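1. generate a structure from the sequence data that follows.
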Amino acid sequence: MRIESEPLKLQNFQLTPDAKGGVLTLQNSRKSFTLNPLQYSYLDVLKNGTSIEGLVQFYLGQGWLVSFRELYNLIQFLLKEAVIQNPSFHEYFAAQGSQDYSASPSPFQTVDLKEGTLNPRVLPFFRSLDPQLSHYLLQKAQRIQVPANTRVVRTGTRDRDLYIILSGEAAVYRVLSDTQRQRVAILKDGSLFGERAFLLNQPRSADIITQTNCELLKISHLSEFDQLIKTEKAQSLQHRFWVQQALMSSQFFKDLPSNTLDMLTFRGRLVQAPAHHVLFYEGQPGNTCYILVQGNLVVSQQGRNINVMPQGSCFGEISLLVSGGVRTATVTTQQDSVLLEIHQNDFYQILTQNLILAKEIEELANQRIGADRKRS
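-> Down below sits the predicted model:
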């Protein structure tokens, strides 16, 4: 069970309201602590054995948004003072080492085909398949070394092999003419490419060129694979790979646990936007946030460009968390782009199930608000 959905077991205490919020008095030690209004209010709900998820849903039902930072700080304080008695909470936060989820090691560091230690369940592609099929494909996989500046995949060809980057970096280029190419994405450790041909038997739609020396896992296409997976499922898998690839290239999302990556993937819907398309305007109401899957975007305020967002960027969250539902900037595509759109209700459901992620995203939103104020 996730700690966010586990009812809290708390030692006996007394809550007394005051003008500054309230006072928490522990009955065993008689120690007293001053709580701010939000902390007092949250603890007043949690004292009834409510879970973190239940608390957030309770406030949403009242039309109020929870401050995940304040809730996170309250939980940390209650653990420090041994008010929370759930062993799982202590184990979870001890494992975090008082650091954020991004400190956890990437699962791709453990891949070693020669020693037979590759666990297909940690890779997005294999998590999407039946376990027996995953192992079957892995038996045919090859580990290959590719030097920098090598074209691994050529636009228009009909080969159907699939590749996963075990180490190194490659770039995706859209071919515009015989002499022009446009770079549309960067692929890093754990990224997958060639899925369109592998899954859907379609010609290669881009050039893939290594930027550094790379170690790749090459998965040969097997004729029986097409019989084991229907076209609808193949299309769904391809979209899922695009999203997870973007998440894994993001400094913010790349080290999330696999179950959270899956939640982000399935809660949203993929949307495509042409170049120079305005996704939303500054001052508009907004109830969605976005993750950039492919392409890039320019952010402007009061007609002045202030930022360019690369693949894997999360944006639009400010209107959901801290700005009262109002867009604080205009966002425009610079080239044809693919985005994962997440509605506010789904976004909050994801955050409710991962307190650390929720706290980090809220802090990111506040940092952006602070930067906006300095510019104004």
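
2. for Asp207, grab phi and psi.
-> The phi/psi pair for Asp207 (degrees, to the nearest 10) reads phi -90, psi 140.

3. tell me how far the nearest residue to it once chain neighbours are set aside lies from Ile208.
-> Spatial nearest neighbour of Asp207, excluding adjacent residues (CB to CB, 6 or more residues apart in numbering): Tyr173 at 4.3 Å. Quick note: C-beta positions are derived from backbone N, CA and C, even for glycine. Distance of Tyr173 to Ile208, computed by CB to CB, to the nearest Å: 8 Å.

4. the residue nearest to Asp207 reaches Val184, doesn't it?
-> Yes: using CB atoms under 8 Å, Tyr173 makes contact with Val184 at a distance of 7.0 Å.

5. residues that sit against both of the two, list them.
-> Here Tyr173 and Val184 share the contacting residues Ala206, scored by CB atoms under 8 Å, 6 or more residues apart in numbering.

6. what's around Asp189, how many residues?
-> A total of 19 residues lie near Asp189 under the criterion other CB atoms under 10 Å.

7. that one reaches Ile164, doesn't it?
-> No: when contacts are counted by CB under 8 Å, Asp189 is not listed as touching Ile164 (9.4 Å).

8. can you report how many residues lie near Glu224?
-> Applying other CB under 10 Å, we find 9 residues neighbouring Glu224.

9. Three-state assignment for it, please.
-> Per DSSP: H, G, I helix; E, B strand; the rest coil, the secondary structure class of Glu224 is helix.

10. swap in Leu340?
-> Three-state assignment for Leu340 (three-state DSSP): strand.

11. in the sheet, who's paired with it?
-> With DSSP bridges as the criterion, Leu340 is bridged to Leu270, Ile291.

12. residues in contact with it?
-> Leu340 touches Val243, Ala246, Leu264, Thr265, Gly268, Arg269, Leu270, Val271, Tyr290, Ile291, Val293, counting by CB under 8 Å, 6+ apart.

13. which of these are buried?
-> Buried subset of those (neighbour count, 16 or more other CB atoms under 10 Å): Val243, Ala246, Leu264, Thr265, Gly268, Tyr290, Ile291, Val293.

14. which one among those gets closest to Gln27?
-> Checking the buried ones among the contacts of Leu340 against Gln27 with CB to CB, the nearest one is Leu264 at 41.9 Å.

15. ok, the residue nearest the centre of the chain - contacts?
-> The chain has Phe253 as the residue nearest its centroid, 4.2 Å off, counting by CA atoms, centre = their mean. With contact taken as CB under 8 Å, 6+ apart, Phe253 is in contact with Leu247, Leu261, Leu264, Ile291, Gly312, Cys314.

16. and the third one, helix, strand or coil?
-> Secondary structure of Leu264, reduced to three states by three-state DSSP: helix.

17. hang on, it packs against Ile350?
-> Yes: at 6.2 Å, Leu264 counts as touching Ile350 under the criterion of CB under 8 Å.

18. which residues do these two both contact?
-> Ile342.

19. using PDB, list the CA coordinates for the longest helix along the chain.
-> When the chain is parsed with DSSP state H, its longest helix is helix 355-375. Only the C-alpha atoms of helix 355-375 are listed here, as PDB (Å, rounded to 0.1, in the frame of the first residue of the first chain):
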ATOM      1  CA  LEU A 355       3.400  13.600  -1.700                       C
ATOM      2  CA  ILE A 356       7.100  14.200  -2.600                       C
ATOM      3  CA  LEU A 357       6.300  14.800  -6.200                       C
ATOM      4  CA  ALA A 358       3.400  17.100  -5.200                       C
ATOM      5  CA  LYS A 359       5.700  19.100  -3.000                       C
ATOM      6  CA  GLU A 360       8.300  19.400  -5.700                       C
ATOM      7  CA  ILE A 361       5.900  20.500  -8.300                       C
ATOM      8  CA  GLU A 362       4.300  23.100  -6.000                       C
ATOM      9  CA  GLU A 363       7.800  24.500  -5.200                       C
ATOM     10  CA  LEU A 364       8.600  24.600  -8.900                       C
ATOM     11  CA  ALA A 365       5.400  26.600  -9.500                       C
ATOM     12  CA  ASN A 366       6.300  29.000  -6.700                       C
ATOM     13  CA  GLN A 367       9.800  29.500  -8.100                       C
ATOM     14  CA  ARG A 368       8.300  30.400 -11.400                       C
ATOM     15  CA  ILE A 369       5.900  32.900  -9.800                       C
ATOM     16  CA  GLY A 370       8.900  34.400  -7.900                       C
ATOM     17  CA  ALA A 371      10.900  34.700 -11.100                       C
ATOM     18  CA  ASP A 372       7.900  36.400 -12.800                       C
ATOM     19  CA  ARG A 373       7.600  39.000 -10.000                       C
ATOM     20  CA  LYS A 374      11.300  39.800 -10.300                       C
ATOM     21  CA  ARG A 375      10.900  40.400 -14.000                       C
END
